[in-house]
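S.K.: Sequence below, structure please.
(one chain, ligands or ions: 1)
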Amino acid sequence: MKISVFGLGYVGCVSAACLANEGHKVIGVDVSKTKVDMINKGRSPIVEEGIGALIKKVVREGGLTATSDVKSALLKTELSFVCVGTPSRPNGDLNYDMIQRACFDIGAALKGKKEKHVVVIRSTVLPGCVREVVIPALESRSGKKEGKGFFVCVNPEFLREGTSLKDYYDPPFILAGLDAKRNGSKELRAAYKNIKTEFIEASIEVSEMIKYTCNAFHALKIVFANEIGSLCKSICADSHEVMGIFCKDTKLNISKRYLSPGFAFGGSCLPKDLRAMTYKAKKEDLEIPLLGSLLPSNNAHFNKALEFILSLGKKKIGVLGLSFKEGTDDLRESPNVRLVENLIGKGLEVSIYDKNVSLAKLFGANKEFIEKQIPHISKLMKSSPEKVIQNCEVIVIGNKSLGKDAVVKHAKKGQIVFDLVRLFDKPGALKAKYHGLCW
Ligand SMILES: NC(=O)c1ccc[n+]([C@@H]2O[C@H](COP(=O)([O-])OP(=O)(O)OC[C@H]3O[C@@H](n4cnc5c(N)ncnc54)[C@H](O)[C@@H]3O)[C@@H](O)[C@H]2O)c1
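M.R.: Prediction:
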């Protein structure tokens, strides 16, 4: 393929050199004459293992050239990767000046181009940037409409400085953020045809969000390990041994578990253990802001759900699922119990169904807890889901124990289903109006 790469920094240099090495004819474009000259002399403008030799090779073979002339690069290529910088502003927002400038220049060059062209945003941009900044800039200067004459895709870069060549050839996946008609998919697949990994197609917004989700999680992991390390040091435990054993649990720890957005956590362990850890840190004069922020964050998430229900202005609320998760009758620190207490405190009429708790009420180990600790809630429980669903205005799904069928069967038009746990992936089958907490 004939490919132009805009921005010859860390991402652009590696992408341009690797694409050329894969047999594509690549033109690098940068506003920096120094970088353009260096590339044309076969020298790397960045320090990165292996990049010097690779640039020397692909330039010598004629696979990579560089220029500051946007128009000629655009006219000679069919696909452009935009890899310009997106630095922070002092307030934390992203500075899109470079990406906008590059898109204005590309747009102006597209004006005179008859053939189809694909513009791929490889820089890291916040969700919304492609639709709010990139496409308007390209359309305003080209006089063309995205989807007609040119197409825009998002293809975030996941390489790490220091190992970027290896990362290029062995990425976790290649992500293509595409418009509804999947324009550009064919060209992107062709650009990466030799990379053996999963090629994932998603919407533009999902693709923009993925990069931030990954980086936030990486930062979270580092801070988590460091805070655990500080606690370990204070009690003379070897932090590497602790984390080494922790990482051996690939069922709950290093796994997909607990990574689905849903309702607040609760139960008899997580809140208690976090309180104990943060108390221990306080006693040791240790700062563990991440671990200390978990209960407040959980609380904020709980409040979001409560405020939404109250904002509906309805009187009769049916709660399906009272325990903190499906498959248990344990009500200790269940956010659903707290939710019900708040709703009745606000004068709303609440009815509840939870199969496991109903059984516990009769003979389980929780019978005493229910009778002594939450008699006010126990008396709101009904013997069947129909009795709850048919007599309320808002149906709150608090855990997944009931399943979808009863809700689909009994919920009716005019009711609102508020799904805290994403029981419904596709709420299409529901007659009631659907809201998800983390949709
Ligand atoms: N560095 C990384 O490890 C890494 C990894 C993944 C994603 N990213 C993201 O990729 C993007 C680029 O990062 P980087 O580290 O390569 O940046 P960089 O600052 O090293 O390089 C950016 C290049 O863009 C050039 N440029 C600026 N405006 C231009 C224009 N209008 N036309 C052509 N060239 C222009 C600059 O001269 C510079 O050479 C950023 O959004 C960054 O967040 C970086």
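
S.K.: packing partners for the longest helix seen in the chain?
M.R.: Longest helix of the chain, by residue count under DSSP state H: helix 204-234. Contact analysis of helix 204-234 by 3 or more Cβ pairs under 8 Å, 6 or more residues apart in numbering; DSSP states H and E lists strand 149-154, strand 174-178, helix 239-248, helix 270-283, helix 289-311 as its packing neighbours. C-betas here are computed from N, CA, C, even on glycine.

S.K.: Does the ligand have contacts with the shortest one?
M.R.: What that stands for is strand 174-178. No: judged by Cβ under 6 Å from any ligand atom, strand 174-178 makes no contact with the ligand; its nearest approach is 12.3 Å.

S.K.: any idea where the strands of this structure begin and end?
M.R.: 2-6, 25-29, 64-67, 79-82, 117-121, 145-146, 149-154, 174-178, 199-203, 316-320, 349-353, 394-397, 416-419, 433-436 (DSSP state E).

S.K.: what's the angle between the second one and strand 2-6?
M.R.: Strand 25-29 and strand 2-6 meet at an angle of 20 degrees, taking axes from the mean of the first three to the mean of the last three Cα atoms, to 10 degrees as the criterion.

S.K.: Ok, the longest one next?
M.R.: Counting by the same axes, to 10 degrees, strand 149-154 points 60 degrees away from the direction of strand 2-6.

S.K.: tell me which strands and helices strand 149-154 is in contact with?
M.R.: Partner elements for strand 149-154 (3+ Cβ pairs under 8 Å, 6+ apart): strand 117-121, helix 135-142, strand 174-178, helix 204-234.

S.K.: Return the nearest residue of the stretch 201-350 of the chain with respect to the ligand.
M.R.: K211 (7.2 Å; Cβ to the nearest ligand atom).

S.K.: What does the pLDDT read for the residue of the chain found nearest the ligand?
M.R.: Here the chain gets closest to the ligand at one residue, G9, 1.8 Å apart by Cβ to the nearest ligand atom. G9 carries a pLDDT value of 96.

S.K.: Check L362 too.
M.R.: At L362, the pLDDT recorded in the model is 66.

S.K.: Equivalent analysis for F158, please.
M.R.: 90.

S.K.: dump the residue contacts of it.
M.R.: If you count contacts by Cβ atoms under 8 Å, 6 or more residues apart in numbering, F158 has them with 167, 171-172, 211, 214.

S.K.: Hmm, S334 is touching S323, no?
M.R.: Yes: contact criterion Cβ atoms under 8 Å: S334 and S323 qualify, at 5.5 Å.

S.K.: What is the burial count for the closest residue to L343 other than its chain neighbours?
M.R.: Counting by Cβ to Cβ, 6 or more residues apart in numbering, L343 lies nearest to V350, which is 5.2 Å off, once chain neighbours are set aside. Applying other Cβ atoms under 10 Å, we find 22 residues neighbouring V350.

S.K.: give the contact list for V82.
M.R.: Here V82 is in contact with 6-7, 99, 102-103, 106, 119-123, 134 (Cβ under 8 Å, 6+ apart).

S.K.: what's the pLDDT at it?
M.R.: 98.

S.K.: can you offset everything so residue one is 265?
M.R.: Noted, 265 is the first residue going forward, which turns the last one into V346.

S.K.: Quick check, I363 in contact with V398.
M.R.: Yes: using Cβ under 8 Å, I363 is in contact with V398, at 6.7 Å.

S.K.: got any residues that touch both of these two?
M.R.: 346, 385, 389.

S.K.: Up against the ligand, what does this protein have?
M.R.: Residues of the chain lying near the ligand (Cβ under 6 Å from any ligand atom): 270-276, 293-296, 299, 347-350, 362, 365-366, 369, 387-388, 421, 423, 425.

S.K.: change it to 5 Å
M.R.: Counting by Cβ under 5 Å from any ligand atom, the chain comes close to the ligand at 270-275, 294-296, 348-350, 362, 365-366, 387-388, 421, 425.

S.K.: Which of those residues fall in helices?
M.R.: 274-275, 362, 365-366.

S.K.: Now rank those residues by neighbours and give me the top one.
M.R.: A366 (28 neighbours).

S.K.: what sits against that one?
M.R.: 270-271, 346, 348.

S.K.: Mind putting those into a markdown table with distance to L495?
M.R.: Shown next, in a markdown table, are the contacts of A366 (distance: Cβ to Cβ, whole Å):
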| residue | distance to L495 |
| --- | --- |
| F270 | 46 |
| G271 | 42 |
| V346 | 44 |
| V348 | 42 |
